[in-house]
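**Student:** got a sequence here, can you build the structure:
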Amino acid sequence: MAWHASRDPSIQQRWRERVRRFEASNLTARAFCAGEAFGAESLRRWRRWCGQNPPQLPALVEVKLTAPVPPPPPRDHMVVELGGGRRLTLEPGFDADAVARLVNILDRP
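**Tutor:** Numbers count the residues shown, from 1 in each chain. I've put the predicted structure just below:
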């Protein structure tokens, strides 16, 4: 019967950690496994498997943050977009001359 590694990610991670500890120990497989709950043959098989199946890193995805978009005003309003992300919301019947003066003041450097 052929040996197959478990498909359970937690078991695979546990064996990767065991293999890492073994490789850092400078012990023989038999000596390392003497104090563990697994045998040298299991360590050998998992060590080979870990070498052929390095851990998969999650894909890196670029994320761009944007400012939240305010909800649109009711349909009977008018919105004037100014520089710097400023907005004027105008009610029906607004004074156009007063708004023009205000925009001139707000857009001054």
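**Student:** for V79, which three-state class applies?
**Tutor:** Following DSSP: H, G, I helix; E, B strand; the rest coil, the label given to V79 is strand.
**Student:** that one contacts E91, correct?
**Tutor:** No: between V79 and E91 there is no contact under CB atoms under 8 Å: 11.2 Å. Backbone N, C-alpha and C define where each C-beta goes, glycine included.
**Student:** quick one: the helices in this protein?
**Tutor:** Per DSSP state H, the chain carries helices over the ranges 9-25, 29-34, 40-52, 96-106.
**Student:** tell me which of these lies nearest to E62.
**Tutor:** If you check each of the helices of the chain against E62 by CB to CB, helix 9-25 wins as the nearest, at 26.2 Å.
**Student:** okay, angle between that closest one and helix 40-52 too, please.
**Tutor:** 100 degrees (axes from the mean of the first three to the mean of the last three CA atoms, to 10 degrees).
**Student:** and helix 9-25, what does it pack onto?
**Tutor:** helix 29-34, helix 40-52 (3 or more CB pairs under 8 Å, 6 or more residues apart in numbering; DSSP states H and E).
**Student:** contacting residues around the first one?
**Tutor:** The contact list for helix 29-34, computed with CB atoms under 8 Å, 6 or more residues apart in numbering, reads R21, F22, S25, G39, A40, S42, L43, R44.
**Student:** look up how far V99 lies from G85.
**Tutor:** 18 Å (CB to CB, to the nearest Å).
**Student:** the more surrounded of these two?
**Tutor:** V99 (14 against 7; other CB atoms under 10 Å).
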